[in-house]
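[1] structure, please.
(one chain, ligands or ions: 1)
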Amino acid sequence: MDIKSMTLEELKTMLAGEGEKPFRAAQLYDWMHRKLAEDYGQMTNLPAALRERLKEEHPLTALRPVDMQESAIDGTRKFLFALSDGNMVESVWMKYKHGNSVCISSQVGCKMGCRFCASTLDGWERNLLPSEMLDQIYAITRITGERVSNVVVMGTGEPLDNYENLLRFIRLLTDENGLHISQRNVTVSTCGLVPQMKRLADERLSITLALSLHAVTDEKRRELMPVALKWRLDELMEACAYYFERTGRRMTFEYALVGGVNDGPGDAQGLTALAGAVGAHVNLIPVNPIKERNFRQSERAQIEAFKNKLEKNGINVTIRREMGRDIDGACGQLRRRHIAEERCGLTE
Ligand code: SAH
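    Below is the predicted model:
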C-alpha cells in the first residue's frame, strides 16, 4: 500500500519495522495529512537520510494541475488533475456561505453506463487509491489557500465500486490527526449497488449516503441506468431502509429531471411514495444535457410543479442550485475534451 493511504497506526508499525524511532510516524503523518506537503523535501524536521530513503522506497502520490476553469458568476472552480500514471481526474471546488465544498472523483472513468452521464462514455480505467482521493482535496486546499469543510464523492466514478479504498479515504479524511473533516460533512453518492449499501450501513459512519434514483419504476430506471437490471427498486428500497435503520442518517435521493422522460405528475407521485417510505430528502437536478445524447432539461415551470407536488405531499425537497453555469459542461466533459485533444496531438 502507498504510504499516504496508511493510517497512523499502520505507519508506526511500518517505520518501526524499518528501524526508525517511533515518533517519526507522527511527524511524517502530520506532514502528509495536515501540512499537506507535496514531497519529502519539505519535511524539514525529518533527517535527510530518512527523507532520501522514503523517497526511494515509498514514492508519494502527487497530482499535477492540468487545467482550471473558474466561474465568473459564483467562483466555482473546476480542476483537471493528472495522476502519477498520466490518467486524469476532475474535481470541483464550490464556495457556499456555510463553507467550501469539494466534489471529488473516485475512479478514472466509470463502468456503470448511466445513459445521461458523460463520465462513463469512455468506460472504466482504474480505481483511485485512497491517497489519490485525498490528493484532490489537498491540492485544492493548497491552490485556493482556503479550508475545505464539505466533501462530496460525486465526481467521476462509482464510489461503492471502489469500496475498500473509499472507506480508507473517509477514515483518513475525518481523522483527528489529518484535516479532521466531520463525517457529517461527507456525502457519498451511489447509483445503487445494493450489497455495498448494506455493508456501508454496517460501518456505522455518520456520513450522508445519496442515492441516484432518477426513476420510480423498474422499467424506466432500466432505460436510464443499466445498474437497475441488476437490482430492482424493491431491493434498493430495502437497502435504503436498512441504511436509515442502522445509521439513523436520512438518505438523499437524487433525481435528475429529464424533459418528457421522468418529470410527469405520476413520477412525482411515485417519488413521494419511495422517499416517504424511508424518510429521504429529495434533491432535484435539472439534467445537464451532454452533446453525445439527446436528453433535454425539463421546462422551468415543470420543475417547479414537480417540486410543489412533492412538497404538498410532505416530502423534504430542494432543487439543486446550478453552480458554475458558465464553465459548465457536465461532469466529466473537461477530462473528455483533454483526452480527445491529446489524441489529436493538440496539447503539449
Ligand atoms: N456514481 C455515483 C456518483 C457519481 S455521479 C452516482 O451515480 O451517484 C453524481 C451524480 O450526478 C449522480 O446523481 C448522477 O446520476 C448525476 N449525473 C450524472 N450525469 C448527469 C447529468 N448529465 N445531469 C445531471 N445529473 C447527472
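[2] pull up the residues of the stretch 1-150 of the chain that are close to the ligand.
    112, 114, 116-117 (C-beta under 6 Å from any ligand atom). In short, each C-beta sits where N, CA and C put it, glycine included.
[3] select from these the one having the most neighbours.
    When neighbours are taken as other C-beta atoms under 10 Å, the top entry among these is C117 (24 neighbours).
[4] relative to G157, how far out is that one?
    Separation of C117 from G157 (C-beta to C-beta, to the nearest Å): 11 Å.
[5] same question, L60
    As for L60, its distance to G157 is 22 Å (criterion: C-beta to C-beta).
[6] of these two, which one has the most company?
    Neighbour comparison, L60 and G157: the larger count goes to G157, with 29 against 18 (by other C-beta under 10 Å).
[7] what is the nearest of the residues of the stretch 1-150 of the chain next to the ligand to the ligand?
    The nearest member of those to the ligand, counting by C-beta to the nearest ligand atom, is C117 at 3.6 Å.
[8] surely the closest one touches F295?
    No - the pair C117 and F295 fails to qualify as a contact (C-beta atoms under 8 Å) at a distance of 10.1 Å.
[9] what's the overlap in contacts for C117 and G157?
    Residues touching both C117 and G157 (C-beta atoms under 8 Å, 6 or more residues apart in numbering) are C110.
[10] can you name the next helix or strand after the host helix or strand of K307?
    Counting by DSSP states H and E, the secondary-structure element that holds K307 is helix 300-312. Next along the chain after helix 300-312, taking DSSP H and E as the criterion, comes strand 317-319.
[11] what comes up buried for the helix holding K307?
    Of the residues in helix 300-312, those with enough neighbours to count as buried (16 or more other C-beta atoms under 10 Å) are 302-303, 305-307, 309-310.
[12] cool, and stretch 229-240?
    Using 16+ other C-beta under 10 Å as the burial criterion, the residues of stretch 229-240 that qualify are 231, 233, 236-240.
[13] helices of the stretch 151-300 of the chain, residue ranges please.
    Assigned by DSSP state H, counting those that start in this stretch, the helices in the stretch 151-300 of the chain fall at 163-173, 194-202, 218-224, 233-247, 265-278, 300-312.
[14] can I get the ones you listed in TSV including distance to A25 and mean pLDDT?
    TSV is the format used below for the helices of the stretch 151-300 of the chain (distance: least, C-beta to C-beta, whole Å; pLDDT from 0 to 100):
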stretch	distance to A25	mean pLDDT
helix 163-173	14	98
helix 194-202	29	98
helix 218-224	47	97
helix 233-247	32	98
helix 265-278	42	98
helix 300-312	51	96
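[15] nearest to the ligand, of those helices?
    Judged by C-beta to the nearest ligand atom, the one of these that comes nearest to the ligand is helix 218-224, at 8.8 Å.
[16] dump the helices of the stretch 151-300 of the chain to CSV, plus distance to N127.
    Listed next are the helices of the stretch 151-300 of the chain as CSV, based on distance: least, C-beta to C-beta, whole Å:
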stretch, distance to N127
helix 163-173, 6
helix 194-202, 13
helix 218-224, 24
helix 233-247, 22
helix 265-278, 29
helix 300-312, 35
